[in-house]
Every structure is written in structure tokens, then in C-alpha cells.
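K.L.:
Quick one, fold the following:
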Amino acid sequence: MFKFNFYTKIVSIVIVLLIPVLILYVYSNQTTTGVLREELNQSNYNQLTFFQNQVNTNIEMISSWPHLLIHDPDVASFQAIFLKDKVLNLDGINLVKRIQTKLGLQESSSNWRTGLSIYSPSLGRVVSENGAVFYDQKELKQMIKNGWQVSKKRMYGKDQFIFSLYTLSPFSSLGNPETANTIIKVEFDSSNIQDMSRRV
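P.N.:
Purely as a prediction, here's the structure:
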């Protein structure tokens, strides 16, 4: 009987001592979990904020390209030459090559895959890094709208979103692009944003 009482007391004391330890363990575990959750949420928020700032910075930089090109002397000469002559003479070909070089340099200044095109309404041609070809003015008129436009396109077996921005000079010709001196289009696809999100 004595042994049983002594054993019971020892077990009771051990249990009583374990209760605060268990309470402290549960409290400590909850506190640690809460702190980790807050840190992870803050880290995710910081990463998303950084990612958003990177995307905004790239889009702002790309948006500035047409405004820089409109004031470029070669682009201005491009319009002036073809107001006089609609045929690509030697001077015109050399001018187109210079413009293509500038378009290529501008596109390579960003780590995004982009496309720049300069339209000449008087000539009915569009100049890009790949060449100078004729375009459909009616089709262009339907595509030109104020601000960034988004369209869906199947590329490399996947659906991609194409973001495009048209800048006209003068701006008042937005409703009648055929009266514009110069039209510049810049575009990029959503794969740039997807690639960037993988690196963040």
C-alpha cells in the first residue's frame, strides 16, 4: 500500500510538472508558427511588390520609345522623303537601313522581347527591324486606339497575350491615322512577364 501511494504521488508530481511544460511548448509553437507565417507573408509581399515594380519599370521604358523615335532626325526624314517620292530610291533604302538599325538598338536596350514598327501613311509602308513592307491602311485604322491594347494570339503552341501601343504624330490624328505624319507601334508578349516571374 505504501509503495502504491508513493508511486502515485511521484506520477502525480511528474504530471503536474509536465502540464506547464506542455502549455509553454504549445504557446511557443503557436508563437513561432505565427512569426514564421508573418515573415513568409511579408517576404511574399515584398517579392510581389518588387516584381510589380520591375514590370512597371519595363513597360514605362518601352512606352517611352515611340516618343524618342518620333523626334529622331532619320524618322522625320523618312516622312519628308516619301511625301515627295513614293518609290524606294537609293537614299530611301539607306534611310530605311539606318532606321532599322536604330529600331534594333532600341529593342536590344531591354531584356524583354519587343517589336518596334514605324508606319508611313504617305507611302503605305511599315518599317521594322525585319524589313519595309506595304500594309493595309484600313486594317491599321481598326487596330489604332488610345493607350495599351491587349490581344490574344497562339504562339509556339501556347496562348499568349500581345500588348501593343500606337503613338501618332501629331496626336490629333488619332481618329484619322491616314492623316498622321508618323505612326509608331511598340509591342511585347506576355511570355516576358512569365519569364520574369520565374526569376523572382
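
K.L.:
any low-confidence regions in this protein?
P.N.:
1-4, 80-88, 200 (pLDDT under 70).

K.L.:
and the longest helix for it?
P.N.:
Longest among the helix segments of the chain by residue count, using DSSP state H, is helix 2-70.

K.L.:
Who are the packing partners of that one?
P.N.:
Where contact means 3 or more Cβ pairs under 8 Å, 6 or more residues apart in numbering; DSSP states H and E, helix 2-70 is packed against helix 90-108, strand 114-120, strand 158-169, strand 182-189, helix 191-199. Quick note: C-beta positions are derived from backbone N, CA and C, even for glycine.

K.L.:
what angle do that helix and strand 182-189 make?
P.N.:
Per axes from the mean of the first three to the mean of the last three Cα atoms, to 10 degrees, the angle that helix 2-70 makes with strand 182-189 is 160 degrees.

K.L.:
Report the inter-axis angle for helix 2-70 versus strand 114-120.
P.N.:
Going by the same axes, to 10 degrees, helix 2-70 makes 20 degrees with strand 114-120.

K.L.:
got the angle between helix 2-70 and helix 90-108?
P.N.:
160 degrees.

K.L.:
will you turn the helices and strands packed on helix 2-70 into CSV that also has mean neighbour count and distance to residue 46?
P.N.:
CSV is the format used below for the helices and strands packed on helix 2-70 (neighbours: other Cβ atoms under 10 Å; distance: least, Cβ to Cβ, whole Å):
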stretch, mean neighbour count, distance to residue 46
helix 90-108, 16, 30
strand 114-120, 22, 28
strand 158-169, 17, 26
strand 182-189, 21, 25
helix 191-199, 13, 15
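
K.L.:
of all these, which lies closest to residue 53?
P.N.:
Comparing the helices and strands packed on helix 2-70 by their distance to residue 53 (Cβ to Cβ), the top pick is helix 191-199, with 11.2 Å.

K.L.:
Could you give the separation of that closest one from the chain centroid?
P.N.:
The chain centroid and the centroid of helix 191-199 are separated by 9 Å under Cα atoms, centre = their mean, to the nearest Å.

K.L.:
Show residues contacting that helix.
P.N.:
51, 54, 55, 58, 112, 113, 155, 160 (Cβ atoms under 8 Å, 6 or more residues apart in numbering).

K.L.:
Which member of those residues is positioned nearest residue 41?
P.N.:
When these are ranked by distance to residue 41 (Cβ to Cβ), residue 51 comes first, at 15.5 Å.

K.L.:
Please work out how many residues are found near that closest one.
P.N.:
When neighbours are defined as other Cβ atoms under 10 Å, residue 51 has 15 of them.

K.L.:
The chain should start at 843 in everything you say after this.
P.N.:
Sure thing, new numbering starts at 843, so read that last one as residue 893.

K.L.:
Tell me the spacing between it and residue 950.
P.N.:
To residue 950, residue 893 is 23 Å away according to Cβ to Cβ, to the nearest Å.

K.L.:
before we move on, the earlier item: tell me the angle of the longest helix of the chain relative to strand 1000-1011?
P.N.:
Interaxial angle of helix 844-912 relative to strand 1000-1011 (the same axes, to 10 degrees): 40 degrees.

K.L.:
before we move on, back to that, what about the helices and strands packed on helix 844-912, which gets the closest to residue 918?
P.N.:
Nearest to residue 918 among these is strand 1024-1031; the distance by Cβ to Cβ comes to 7.9 Å.
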